[in-house]
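J.: no sequence for this one, just the structure:
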């Protein structure tokens, strides 16, 4: 006992105090949200997967009639035609439920965004503008989602040659799409390592 008191007299006072470390709560909301966002982007950029069925149309034809339908819907001044296009778009989409859920989730997000922008038109006295624009947005985004879900990205970029688009543009677009997926995978690895090292 005397030896311990003697040793304590030679030590600084701060070394004799008992340390009580209480770690703060680690809030990993940013990491979780970032991981989910990257996973969502990567799930939409599975361009390597063979989405084209043996009985599906060629990517050039799909790209052509998708652009034509979007152009006709955008130029139409008849709201009934837009409704017919919306119904026909959903009727022609013969995809599994999970694929349709993914397509329509992006569509409803675009429709909601356009509705929020056009909301002042309702109070001004032009509610028909809100209905017409949101219906056209619904048709256009759904058609693009159906094209993306049913055709591989590399085949879409290769089909651009049928429209006499310069090779340098096609090459740049193809490389961009490929390395966006690579960048997403690297971001996923970085976020995973950051999560493992967080206290």
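T.: Perfect, thanks for sending it. All of these numbers come straight from a predicted model, not from anything done at the bench.
J.: so where do the strands sit in the chain?
T.: With strands called from DSSP state E, the chain shows none.
J.: ok now the lengthiest helix in it, how far from the chain's centre?
T.: Secondary structure of the chain read by DSSP state H shows that its longest helix is helix 167-197. Distance, stretch centre to chain centre, for helix 167-197: 14 Å (C-alpha atoms, centre = their mean, to the nearest Å).
J.: which ones are touching the closest residue to residue 99 other than its chain neighbours?
T.: Spatial nearest neighbour of residue 99, chain neighbours left out: residue 149 (5.2 Å); criterion: C-beta to C-beta, 6 or more residues apart in numbering. The way it works is simple: take the backbone N, C-alpha and C, and place the C-beta from them, glycine included. Counting by C-beta atoms under 8 Å, 6 or more residues apart in numbering, residue 149 touches 51, 95, 99, 102-103.
J.: and what of residue 167?
T.: Counted by C-beta under 8 Å, 6+ apart, residue 167 has contacts residue 161.
J.: how about 10 Å then?
T.: Going by C-beta atoms under 10 Å, 6 or more residues apart in numbering, residue 167 touches 160-161.
J.: One more: residue 179?
T.: Counting by C-beta under 10 Å, 6+ apart, residue 179 makes contact with residue 186.
J.: how far away is residue 107 from residue 130?
T.: Note on residue 107: its distance to residue 130, by C-beta to C-beta, to the nearest Å, is 17 Å.
J.: With neighbour numbers in mind, choose between those two.
T.: residue 107 (21 against 17; other C-beta atoms under 10 Å).
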